[in-house]
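Asker: Take this sequence and fold it.
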Amino acid sequence: MNEPARLNIPEWTVSELSAALRRTVEDAFGYVRVRGEVSGYRGPQPSGHCYIALKDEGAKIEAVVWKTAFARLRIKPEEGLEVVVAGRLTTYPGQSKYQIVVETLEPAGVGALMALMEERKKRLAAEGLFDPARKQLLPFLPQAIGVITSPGGAVIRDILHRLADRFPRHVIVWPVRVQGDGSAGEVAAAINGFNALASQGTIRKPDLIIVARGGGSIEDLWSFNEEIVIRAAAASMIPLISAVGHETDITLIDFAADMRAPTPTAAAELAVPVRADLLLRLDGLSHRALACWHRCQDARRTELRAAIRALPSAEELLALPRQRLDHTGARLPRSLAANAQSHHARLSRIAGRFGPHILRGPIGRCCELIAALAQRARRAETVARVRRRERLANTTVRLAAGLRANADSHRARIARAGERVAALAERSERAAWALLRQRAQSLARCGELLNALSHRGVLARGFALVRDLAGRPLRQAAAVDPGTALDIEFFDGRVRALAERSSARPPEMPQAAARTRGRRGGDGGQGSLFG
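Answerer: I've put the predicted structure just below:
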């Protein structure tokens, strides 16, 4: 009995049903705030969008953070973080599920922030970013100090005032936002920017960096707990002092910095010494150095006088060498004359052994050697000429044989190429005739299809095409006014006609439809849907 009633249920397409469900969900839950634990976070996609899930003890809901909203989030989602999100509830037709489009995301209270901070501290410490061995020593007296802070706050004034009192130095201020969206990126960019400056330039590279901010709540100081700031501070090649908040405020940049100052004023005190104390210490050291020098001079003067009394006089030291010089000078003329006589006698003995007969023997042997070498050269020239002629004859024979073999191989190759060209020509001729036959058959089929689809075929079966004088076809009698000139096209030609009167009657209901209507209109049926 209920089977006919189901026929009246409207029919939906899948897209129409999904759109209706989406409108229902969005109208009933336009803007909601949901508290839950972040699950399935894998970071932003290449498109910039982020997909996460929120869960509690008994349920789970998918969430999506679009690229523009993700860039505005002050606290980025992390796995296991309990958060409160706000956004629109909607559906995703592609997977038949509902989801929340997140517009804002905040930690669920201070406890969640502290838990997130502690988890991040452990993870970064495991990477070695807080290792004391990585920390650098602060310069004793920096020439230039870079300060990263808000230019309109009292922090920069306190730092400049304290530096002026202790030891005035050149200060370079890099203005940044110290809280709110984008502040962490600005602080990290400032640290990297100071490190990228040239040592010699219009703006010189500072010898020390101070990152400073006044006190506030953990939410206000959260920018200095962001991972991008911690990594920039740990990677800084310039010594860095962290002066964020008051003495009781702890941020993660304090662990990555080379030195932590309880306040911005204390950071200025750690950066430079007291100039007056240095002057007093320098004056004391100079007096001590002068007194030490005087004592050393007196001691050396005393030692020199004692050494003078122990040494002999110059006359005593030079007496013996002078005596040896006198004795040597007296023996020198006799020694020179004896030496000259011995050399003259030796020369006389050697001169008797030299004469022309000594050179005649070597010259004769050289002439015989030259004659023998000339004869050997003539014989070698004759043998080389004969060998060259034989080699040229052999080369000529091999060249002629190679030319004949090369010509024969080229003739064979040309013959094979001719046979291949003939075979390819025959194949191309057959392929051309086959392609022409195929195109002729296709053209015949297209002609038959064109004739079947043309209105000429309909006219050949006894129908006619009625147009007005402008050539527009007339499909209804109601569109023809009395006295309208008509152009009637038959299969074998056209005729002109004049319309007298148009009478339109409704089309008759087919018999099968009438019988069906009669059966549905009986006593046992539901009744006509059109009655």
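
Asker: Let me know the next secondary structure element after the helix or strand containing Pro321.
Answerer: Taking DSSP states H and E as the criterion, Pro321 maps to helix 314-351. As assigned by DSSP H and E, the chain's next helix or strand after helix 314-351 is helix 357-453.

Asker: Determine how far that following helix lies from the middle of the whole chain.
Answerer: Counting by C-alpha atoms, centre = their mean, to the nearest Å, helix 357-453 is centred 56 Å from the centre of its parent chain.

Asker: is it true that Thr265 touches Asp158?
Answerer: Yes - using C-beta atoms under 8 Å, Thr265 is in contact with Asp158, at 5.0 Å. The way it works is simple: take the backbone N, C-alpha and C, and place the C-beta from them, glycine included.

Asker: Which parts of this protein are strands?
Answerer: Listed in chain order, the strands found in the chain under DSSP state E are 32-39, 50-55, 60-65, 82-92, 97-107, 144-149, 170-175, 208-213, 240-244, 259-260, 465-468, 485-489, 494-498.

Asker: Give me the buried positions along the second one.
Answerer: When you say that, I think you mean strand 50-55. Cys50, Ile52, Leu54 (16 or more other C-beta atoms under 10 Å).

Asker: Which strand residues bridge the last one?
Answerer: Leu54 has these beta-bridge partners by DSSP bridges: Val38, Ile61.

Asker: Just the pLDDT at it, thanks.
Answerer: Leu54 is assigned a pLDDT of 88 by the prediction.

Asker: before we move on, what about Ala257?
Answerer: Listed pLDDT for Ala257 reads 92.

Asker: Per-residue pLDDT of the nearest residue to it once chain neighbours are set aside, please?
Answerer: Closest residue in space to Ala257, ignoring its immediate chain neighbours: Ser242 at 3.6 Å, by C-beta to C-beta, 6 or more residues apart in numbering. With respect to pLDDT, Ser242 scores 92.

Asker: Over to Arg519?
Answerer: pLDDT for Arg519: 45.

Asker: Then Gln45?
Answerer: On the pLDDT scale, Gln45 gets 86.

Asker: Contacts only, for it.
Answerer: Taking C-beta atoms under 8 Å, 6 or more residues apart in numbering, we find Gln45 in contact with Tyr51.

Asker: Can you find the helix or strand of this protein with the lowest average pLDDT?
Answerer: Taking mean pLDDT, DSSP states H and E as the measure, helix 511-520 is the helix or strand of the chain with the lowest mean score, a mean of 45.

Asker: And for Ala477, the neighbour number?
Answerer: Using other C-beta atoms under 10 Å, Ala477 is surrounded by 13 other residues.

Asker: Tell me the spacing between it and Ile488.
Answerer: 14 Å (C-beta to C-beta, to the nearest Å).

Asker: do the same with Val178
Answerer: Going from Val178 to Ile488 by C-beta to C-beta gives 90 Å.

Asker: okay, the two: which has more neighbours?
Answerer: When Val178 and Ile488 are compared for neighbours, Val178 comes out ahead with 24 against 14, by other C-beta under 10 Å.

Asker: Just to check, the more buried one is in contact with Arg213?
Answerer: Yes - the pair Val178 and Arg213 qualifies as a contact (C-beta under 8 Å) at a distance of 4.4 Å.

Asker: Tell me the residues that contact both of these two, please.
Answerer: Thr149, Ser150, Gly153.

Asker: Just give me the closest of those residues to Arg404.
Answerer: Nearest to Arg404 out of those is Thr149 (C-beta to C-beta; 96.8 Å).

Asker: Tell me what the closest one is bridged to.
Answerer: Residues in a beta bridge with Thr149, per DSSP bridges, are Pro175.

Asker: Just give me the neighbour total for it.
Answerer: Counted with other C-beta under 10 Å, Thr149 comes out at 24.

Asker: Contact partners for it?
Answerer: Here Thr149 is in contact with Val155, Ile156, Ile159, Val173, Pro175, Val176, Val178, Ile210, Val211, Ala212, Arg213, Pro264 (C-beta under 8 Å, 6+ apart).

Asker: Can you add pLDDT and distance to Cys366 and give these back as TSV?
Answerer: Shown next, in TSV, are the contacts of Thr149 (pLDDT from 0 to 100; distance: C-beta to C-beta, whole Å):
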residue	pLDDT	distance to Cys366
Val155	89	104
Ile156	90	102
Ile159	91	100
Val173	92	97
Pro175	92	99
Val176	91	98
Val178	87	103
Ile210	94	95
Val211	93	96
Ala212	91	100
Arg213	90	103
Pro264	90	103
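
Asker: what about burial for those residues, which qualify?
Answerer: The neighbour-count test (16+ other C-beta under 10 Å) marks Val155, Ile156, Ile159, Val173, Val176, Val178, Ile210, Val211, Ala212, Arg213, Pro264 as buried among these.

Asker: Sort out which one of those residues lies nearest Ala198 for me.
Answerer: Val173 (18.5 Å).

Asker: Need the pLDDT of the spatially closest residue to the closest one that is not a sequence neighbour.
Answerer: Spatial nearest neighbour of Val173, excluding adjacent residues (C-beta to C-beta, 6+ apart): Val147 at 5.1 Å. Val147 carries a pLDDT value of 93.

Asker: My read is that Val147 contacts Arg169, right?
Answerer: No - counting by C-beta under 8 Å, Arg169 is not a contact partner of Val147; they are 10.7 Å apart.

Asker: more neighbours, the two?
Answerer: Val147 (29 against 19).

Asker: Return the distance of that one relative to Gly180.
Answerer: Look at Val147 and Gly180: by C-beta to C-beta, they are 20 Å apart.

Asker: Report the contact partners of the residue most central in space within the chain.
Answerer: Taking C-alpha atoms, centre = their mean, the centroid of the chain lies closest to Pro46, which sits 13.3 Å from it. With C-beta under 8 Å, 6+ apart as the criterion, no residue contacts Pro46.

Asker: And it, how far from Ala63?
Answerer: Remark: distance between Pro46 and Ala63 (C-beta to C-beta) = 19 Å.

Asker: try Arg301
Answerer: For Arg301, the distance to Ala63 (C-beta to C-beta) stands at 91 Å.

Asker: the more surrounded of these two?
Answerer: Ala63 (24 against 10).

Asker: in the stretch 101-250 of the chain, what spans have low per-residue confidence?
Answerer: 109-112 (pLDDT under 70).

Asker: can you pull out the helices in it?
Answerer: Under the criterion DSSP state H, counting those that start in this stretch, helices of the stretch 101-250 of the chain are mapped to 110-126, 154-166, 183-196, 227-235.

Asker: Show me what the third one is packed against.
Answerer: Here helix 183-196 is seen to pack against strand 144-149, strand 170-175, strand 208-213, helix 227-235 when contacts are counted using 3 or more C-beta pairs under 8 Å, 6 or more residues apart in numbering; DSSP states H and E.
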